[in-house]
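sequence and predicted structure are below.
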Amino acid sequence: MSQPEPLADVHSSEKDSFWLRPLLRLARRVGSFMLVGGVATGVQYLLLVVLIEWMGVFAVVASATAYGVAAVVSYLLNFYMTFQGRAGHRQALPRFMVVVAVGLGVNTLSFTLLLIFFPYLVAQLGATLVTLVSNYLLHQRWIYHSRV
């Protein structure tokens, strides 16, 4: 027959879960956000190369177009996977569109400036890095944050 847990251990377990659950939830959400971002970025880069190399589209136009398509992929995957649609489309989609417009501006400006000095793939990498942190914060704190 097993011994009952001492009272101190039960309180310690409750205290640990008080801190552990939110940290695990955050780690899962950040991991999912990074996975979705990787998929969307892959779509963006693949489309960028196709538009430039196979279709002869001007690099800045190709970058903006690829960013827009990747944004749609990102929205859908983040809505359903990362943030589980806690905020409905009616709330999340208009906010997302504002963030996409800001991100598109940052991406296009960064890409255009970096394109002066680097090949287009390196310029796109730099532009992607410039928008990463701000996009996450806007997604987490504004787009998918439900009103309580």
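That came through, no problem. Numbers count the residues shown, from 1 in each chain.

so which residues of this protein form helices?
With helices called from DSSP state H, the chain shows them at 7-49, 59-77, 89-115, 120-138.

winner for burial among those?
helix 59-77 (a mean of 19; mean count of other C-beta atoms under 10 Å). The way it works is simple: take the backbone N, C-alpha and C, and place the C-beta from them, glycine included.

so what's the gap between the helix or strand of the chain with the lowest mean pLDDT and the chain middle?
One helix or strand of the chain scores below all others by mean pLDDT, DSSP states H and E: helix 7-49, with a mean of 79. Helix 7-49 sits 12 Å away from the centroid of its parent chain (C-alpha atoms, centre = their mean, to the nearest Å).

can you name every helix or strand that that helix contacts?
Contacts defined by 3 or more C-beta pairs under 8 Å, 6 or more residues apart in numbering; DSSP states H and E place helix 7-49 against helix 59-77, helix 120-138.

okay, the first one in CSV with CA atoms only?
Extracted as CSV, the C-alpha positions of helix 59-77 are listed here (Å, rounded to 0.1, in the frame of the first residue of the first chain):
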residue,chain,number,x,y,z
ALA,A,59,12.7,42.0,-57.7
VAL,A,60,10.9,44.6,-55.5
VAL,A,61,7.5,43.6,-57.0
ALA,A,62,8.3,39.9,-56.6
SER,A,63,9.3,40.4,-53.0
ALA,A,64,6.1,42.4,-52.2
THR,A,65,4.0,39.8,-53.9
ALA,A,66,5.7,36.9,-52.2
TYR,A,67,5.3,38.6,-48.9
GLY,A,68,1.5,39.0,-49.5
VAL,A,69,1.0,35.4,-50.4
ALA,A,70,3.1,34.2,-47.4
ALA,A,71,1.0,36.5,-45.2
VAL,A,72,-2.2,34.6,-46.1
VAL,A,73,-0.5,31.3,-45.3
SER,A,74,0.8,32.8,-42.0
TYR,A,75,-2.6,34.1,-41.0
LEU,A,76,-4.5,30.9,-41.6
LEU,A,77,-1.9,28.6,-40.0
